[in-house]
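Peer 1: Got a sequence here, can you model it:
(2 chains)
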Amino acid sequence: MSAMLLNKEKWPEFIGKLTGKNLWAPKLEGEAMRFAPVAEDEVPELTDGNTRIPPKNIVFPQTETMYRFQLGDFEMKEPELKEEMILLGIRPCDARAMVIVDKLFSWDVDDPYYLKRRELVTLVGLACSEPGLNCFCTSLGGGPASTEGLDLLMVDLGDSYLLETITPKGEALVSEVSELLIEADTEKIKMKKKMVSESEGKIKRSVDHKGIPEGLPGLWEDPLWKSVSASCLGCGTCTYLCPTCHCFDIQDETEGFEARRCRMWDSCMFEEYTLHTSGHNPRPTRRERTRNRINHKYNYYVDKFDVIACVGCGRCINLCPVNIDIVEILRQVKEAL
Amino acid sequence: MDLEQLRKTAAEVVVREDVKYLIGWKQGSYGYRVAPVFVEDASGAAELLFSPLCTANLATYLTLVEKTPLPRGQEADKRKVALLVKGCDSRAVTQLIVEHGINRDQVIVVGCPCPGVVDTEKLAEKYPEQGKPAEVEWNGENFVLLCDDKETELPRDQFLAEKCRLCRHPNPVISDITVGEPVEPWTLADDNGVEEIEGKNLEERQAYWEEQFSKCIRCYSCRNVCPLCYCQDCILDRLNPTWVNRAVNFSENTAFNIARAFHLAGRCIECGECERVCPANIPLGKLNRKMAREVRDKYGFEPGVDPEAEPFQASFKPDDPEDFIL
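Peer 2: The predicted model follows:
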């Protein structure tokens, strides 16, 4: 790991060197920020706060064509994934989320689509100096400058960015822009440490998850599930905006004699999600569906992969139309243990 | 609004034997959030709130209840549901009655005359949300923000929600019990809320909506929050045949959004919930408001104001204008 310094005066030049390489950065669309490609002559400004739509769709697109086929033809045409990309300004929580989801997509079978995209993307992180109101990453093993999953971490030091390389991919990127960088001295490293500890201090929300993964099965019929889900609308906001939610559905779409098999995001909060062909639904109400959402993140995933499938980004809290608050649910779970 | 009176009235309603629960608003977990609450006993009524932050239209919960098969020998719970409503919310209840979506005698409507709610996004932009829940109250013409023992006056013309600028029914159009004094309807905004779009030519409109619908992530929060989107078997959920593909792209997103807008023509009561909840900030209010204007201007019909009315899409008059038919 090496630390370099990029003066902000050289920012446009730095961006200029990357724009030809399929560079994506956070962009404000209306009032909602999401990752979008950076045009040749564009210089993105990195602002405080996280994107509203998480960058998971970069490696796990909302709709992915698996293969195409034609009537009367047994040949399947698989799309070729080969374009590399750089994701600039991803927050440490979202990069950590990818590491968590990797476990699922490389578990029983290696998922070719997901893993290929993961291989092609370089994650350039941006440490958080102003965490959001509902951030609680520090409760779950992350932090404002966590490097898990990142190839390169940038830390805003006011008039310059500190660049820490983490992986060979990050090193390769740094070597391409090396003439813009200078070696960081110990003074700058100290500044980073100060910034990070201040930032950690600004995180107000927390989850005490000790005992929750083991305790959840015992709360299966607890009345708390009814009360926390009473106002749930059953929409997909919490799951679609969650960087670790990874459920999908596979469907065939036809147009004339041509068809494609594609997979698309699905949400355990939808009624359709568990509906059987017979008409029976093992999760018939929003109570069971809410219980599943919490159990999947804080119990099943821990059982299988030894990590909580929640990074504390706070999106599900920020955007729930009816103020269903996962920190509050987990507090109640903890109380009921 | 006298909260004591509201809580007292609510407590009296929920203890009634023929009432299952009362749906109201309570303080949310942080910032300017207010959460819907299901009050089942008198003590729960102490949590109730009615303030300029109570934007959510609770009428949606009347039809959102999932009916699971009853265990053998068990009787269905036929008790009534009580509901707090603002003017706009009461129109949703009325429209549901018109469409036989609910039975009038199954609902107890507790009307809260509403002087208008605040646009919480605008509020958060000017005064960022804090971890601690904040309060907002009505204060004469304006709103007042109470946070950290500080009172901040919020001018009405800056912070009034878009839907309220154009609101014609601030007082509940139906109610069994009214809490508080009726409010004087205010002068409506000069514009109709869709002028910006109407000013565009066809190509510009196409480009505008193409940009908007491309942002849609198909979370269906607009559909689920809508008090009048309550089909048991929604066309969008159908798989055999699949009317609208699950793929997320401009074409399918447009099919979804247009289908919803058409199904709401003459039924949308302009509570603005779809626009409020959209995580992608698609201006759905503009779309539905335009449809509502068309129906009102062409057919003189306004949904959700008369419980005896015939449903718009199921009625025909010989002199209905038909100038749009080629």
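
Peer 1: Can you get me a residue count around A:Trp7?
Peer 2: Let me fix one detail, which is that residue A:7 is Asn and not Trp. A:Asn7 has 14 neighbouring residues, counting by other CB atoms under 10 Å in any protein chain shown. Any C-beta I mention is one placed from the backbone N, CA and C, and that applies to glycine too.

Peer 1: shouldn't it be in contact with A:Leu157?
Peer 2: No: using CB atoms under 8 Å, A:Asn7 is not in contact with A:Leu157; the gap is 10.2 Å.

Peer 1: tell me which helix or strand of chain B sits lowest on mean pLDDT?
Peer 2: Within chain B, no helix or strand scores below helix B:195-198, which has a mean of 88 by mean pLDDT, DSSP states H and E.

Peer 1: buried stuff in that helix?
Peer 2: By 16 or more other CB atoms under 10 Å in any protein chain shown, the buried positions in helix B:195-198 come out as B:Ile197.

Peer 1: Could you pick out the longest helix of chain A?
Peer 2: Counting residues, the longest helix in chain A under DSSP state H turns out to be helix A:186-201.

Peer 1: elements contacting the next helix or strand after it?
Peer 2: Of the helices and strands lying after helix A:186-201 in sequence (DSSP states H and E), the nearest is helix A:212-215. If contacts are counted by 3 or more CB pairs under 8 Å, 6 or more residues apart in numbering or on different chains; DSSP states H and E, helix A:212-215 sits against helix A:326-336.

Peer 1: now stretch A:87-94: how far from the chain's centre is it?
Peer 2: Between the centre of stretch A:87-94 and the centre of its chain there are 8 Å (CA atoms, centre = their mean, to the nearest Å).

Peer 1: Which positions within it qualify as buried?
Peer 2: For stretch A:87-94, using 16+ other CB under 10 Å, the buried residues are A:87-94.

Peer 1: circling back to that earlier point, do the least confident helix or strand of chain B and chain A come into contact?
Peer 2: No: under the criterion of CB under 8 Å from any CB of the partner chain, chain A is not reached by helix B:195-198; the shortest gap measures 13.9 Å.

Peer 1: Only C-alpha atoms, please: export that helix in PDB.
Peer 2: Coordinates of each C-alpha in helix B:195-198 appear next as PDB, following Å, rounded to 0.1, in the frame of the first residue of the first chain:
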ATOM      1  CA  GLU B 195     -48.300  24.600 -17.500                       C
ATOM      2  CA  GLU B 196     -44.600  23.900 -17.800                       C
ATOM      3  CA  ILE B 197     -45.400  20.600 -19.700                       C
ATOM      4  CA  GLU B 198     -48.300  22.000 -21.600                       C
END
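
Peer 1: What are the contacting residues of that helix?
Peer 2: Identification of contacts with helix B:195-198 by CB atoms under 8 Å, 6 or more residues apart in numbering or on different chains yields B:205, B:208, B:286, B:290.

Peer 1: and that helix, how far from the chain's centre?
Peer 2: Using CA atoms, centre = their mean, the offset of helix B:195-198 from its chain centre is 23 Å.

Peer 1: again, but for stretch B:240-252
Peer 2: 26 Å.

Peer 1: do stretch B:275-282 as well
Peer 2: 13 Å.

Peer 1: Quick check: buried residues in that stretch?
Peer 2: Across stretch B:275-282, burial judged by 16+ other CB under 10 Å covers B:275-280, B:282.

Peer 1: Among those residues, which one sits closest to chain A?
Peer 2: Distances from chain A to the buried residues of stretch B:275-282, taken as CB to the nearest CB, are shortest for B:Val277 (3.7 Å).

Peer 1: so what's that closest one up against?
Peer 2: Applying CB under 8 Å, 6+ apart to B:Val277 gives the contacts A:235, A:237, A:321, B:221-222, B:225.

Peer 1: re earlier: could you redo the buried residues of stretch B:275-282 as TSV and give each row secondary structure and pLDDT?
Peer 2: Shown next, in TSV, are these (DSSP: H, G, I helix; E, B strand; the rest coil; pLDDT from 0 to 100):
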residue	secondary structure	pLDDT
B:Glu275	helix	94
B:Arg276	helix	95
B:Val277	helix	95
B:Cys278	coil	95
B:Pro279	coil	94
B:Ala280	coil	93
B:Ile282	coil	94
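
Peer 1: residues from the stretch 1-150 of chain B in reach of chain A?
Peer 2: Counting by CB under 8 Å from any CB, the stretch 1-150 of chain B sits next to chain A at B:28-31, B:33-38, B:56, B:60-61, B:64, B:66, B:68, B:121, B:129-131.

Peer 1: filter these to the buried ones?
Peer 2: Neighbour-count burial (16+ other CB under 10 Å) is assigned, among the residues of the stretch 1-150 of chain B next to chain A, to B:28-31, B:33-38, B:56, B:60-61, B:64, B:129.

Peer 1: any chance you could map the strands in the chain?
Peer 2: Picked chain A for this. A:3-7, A:23-29, A:32-37, A:63-70, A:85-90, A:121-126, A:152-156, A:160-165, A:181-183, A:248-255, A:258-265 (DSSP state E).

Peer 1: should've been chain B
Peer 2: Using DSSP E, strands in chain B cover B:19-27, B:34-39, B:48-49, B:80-85, B:107-111, B:135-139, B:142-147, B:150-154, B:177-178.

Peer 1: Packing partners of the fourth one?
Peer 2: It stands for strand B:80-85. Contacts defined by 3+ CB pairs under 8 Å, 6+ apart place strand B:80-85 against helix B:3-14, strand B:19-27, helix B:87-98, strand B:107-111.

Peer 1: Could you check the angle that strand makes with strand B:107-111?
Peer 2: Per axes from the mean of the first three to the mean of the last three CA atoms, to 10 degrees, the angle that strand B:80-85 makes with strand B:107-111 is 20 degrees.

Peer 1: which other residues reach strand B:80-85?
Peer 2: Residues contacting strand B:80-85 (CB under 8 Å, 6+ apart): B:6, B:10, B:13-14, B:18-25, B:48, B:50, B:58-59, B:61-62, B:89, B:92-93, B:105-112, B:172, B:175.

Peer 1: what number of residues lie near B:Phe143?
Peer 2: 25.

Peer 1: Give me the spatial nearest neighbour of it, chain neighbours excluded.
Peer 2: Excluding its sequence neighbours, the residue lying closest to B:Phe143 (CB to CB, 6 or more residues apart in numbering or on different chains) is B:Leu154, at 4.0 Å.

Peer 1: show me the contacts for the one you found.
Peer 2: B:118, B:123, B:136, B:142-145.

Peer 1: what about the stretch 1-150 of chain A, any weak spots by pLDDT?
Peer 2: A:1 (pLDDT under 70).

Peer 1: ok, now the stretch 101-250 of chain B?
Peer 2: The stretch 101-250 of chain B contains no residues with pLDDT under 70.

Peer 1: how about a cut-off of 90?
Peer 2: B:140-141, B:147-150, B:166, B:185-197, B:232-234, B:236-242 (pLDDT under 90).

Peer 1: Let me see the contact set for A:Arg205.
Peer 2: A:133-136, A:139, A:314, A:327, B:131.

Peer 1: Residues of the stretch 201-337 of chain A that sit close to chain B?
Peer 2: Near chain B, when you scan the stretch 201-337 of chain A using CB under 8 Å from any CB, you find A:204-205, A:230-231, A:233-237, A:240-241, A:249, A:251, A:253, A:262, A:264-265, A:267, A:270-272, A:284-286, A:317, A:319, A:321-325, A:327-328.

Peer 1: and those, which are buried?
Peer 2: A:205, A:230-231, A:233-237, A:240-241, A:251, A:253, A:262, A:264-265, A:267, A:270-271, A:284-286, A:317, A:319, A:321-325, A:327-328.

Peer 1: just to revisit the earlier point, could you give the angle of the longest helix of chain A to strand A:160-165?
Peer 2: With the same axes, to 10 degrees defining the directions, helix A:186-201 sits at 90 degrees from strand A:160-165.

Peer 1: Quick one: list the elements packing against helix A:186-201.
Peer 2: strand A:3-7, strand A:152-156, strand A:160-165.

Peer 1: For the nearest residue in space to B:Arg91 that is not next to it in sequence, grab phi and psi.
Peer 2: Counting by CB to CB, 6+ apart, B:Arg91 lies nearest to B:Gly304, which is 3.2 Å off, once chain neighbours are set aside. Main-chain torsions, B:Gly304, degrees, to the nearest 10: phi 70, psi 20.
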